[in-house]
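**Q** Coordinates for the following, if possible.
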Amino acid sequence: MGETVISYKFDNIRSKTLSRPDLPVVPRAVNIHITNACNLRCCFCWDHSPLVIPRDKKRRSLPLLVIKKVIADCARMGVKKICLEGGEVMLYRSIKDLCVLIKNSGLKLEVYSNCTFAPSQLSTFIHVDKVRVNLSAATVLSYQRIHGIQDDRCFPRVLKNLYRLTRLRNRLGRPEIQLIFIINEYNFS
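**A** Below is the predicted model of the structure:
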């Protein structure tokens, strides 16, 4: 996939904030949607749900150079936290480099993940302060219905990865782990 050149400009309020410290109009956190790539088809997803009217389903990711510029601008403006979201952030090609960059910029880092990552990617979470995991299920069957996947091994893999993240947190003091449950017709009972 060829990288698209995107020009990045501050809006008027933020540019005035940079030149006038008496105007503290800076967000505490910035969410960056780094990719729409995902390995699940969750029923509640705005992009991949089977309930969404089909449209262009091309995988898209923000170019790393654009994200680097945004992160540098955020650090300079006084933003405290970057939240990476997607699709599935662990499918972003340069996710580990991006996490290191954010932490080296002095920013807190939060990621949203479905926690289906390969065990070899666990080391990426060393740099993460908080990971939000949308579980929304308590059994293999409910997981399959909600997340649109028929693989019986997926839910146990997610649970094993949560256990790995917990061990990492116990050893390093991070990442904080937040489980998200979206209540819907498949899991309300």
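**Q** going forward, measure contacts and count neighbours with C-alpha atoms only.
**A** Will do.
**Q** For L179, which non-adjacent residue is closest in space?
**A** V133 (4.9 Å; CA to CA, 6 or more residues apart in numbering).
**Q** Within its sheet, name the partner strands of the strand or helix carrying that neighbour and how each one runs.
**A** Assigned by DSSP states H and E, V133 belongs to strand 130-134. Partners of strand 130-134 in the sheet, by DSSP bridges, are strand 108-113 (parallel), strand 176-180 (parallel).
**Q** Alpha carbons of that strand, as CSV, please.
**A** Output of strand 130-134 as CSV, limited to C-alpha atoms (Å, rounded to 0.1, in the frame of the first residue of the first chain):
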residue,chain,number,x,y,z
LYS,A,130,-3.0,1.1,30.0
VAL,A,131,-4.6,-1.4,27.7
ARG,A,132,-8.3,-1.4,27.1
VAL,A,133,-9.6,-4.8,26.0
ASN,A,134,-13.1,-5.2,24.7
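**Q** Next secondary structure element downstream of it?
**A** Per DSSP H and E, the first helix or strand lying C-terminal to strand 130-134 is helix 140-147.
**Q** Name the surrounding residues that touch that following helix.
**A** Helix 140-147 is contacted from outside by 40-44, 135-137, 149-152, 155-156, 186-187, using CA atoms under 8 Å, 6 or more residues apart in numbering.
**Q** Show me what counts as buried in the following helix or strand past it.
**A** Moving toward the C-terminus from helix 140-147, the next helix or strand (DSSP H and E) is helix 154-172. By 16 or more other CA atoms under 10 Å, the buried positions in helix 154-172 come out as 154-155, 157-158, 161-162, 165-166, 168-169.
**Q** Just name the shakiest helix or strand of this protein by mean pLDDT.
**A** The weakest-scoring helix or strand in the chain, judged by mean pLDDT, DSSP states H and E, is helix 12-19 (a mean of 59).
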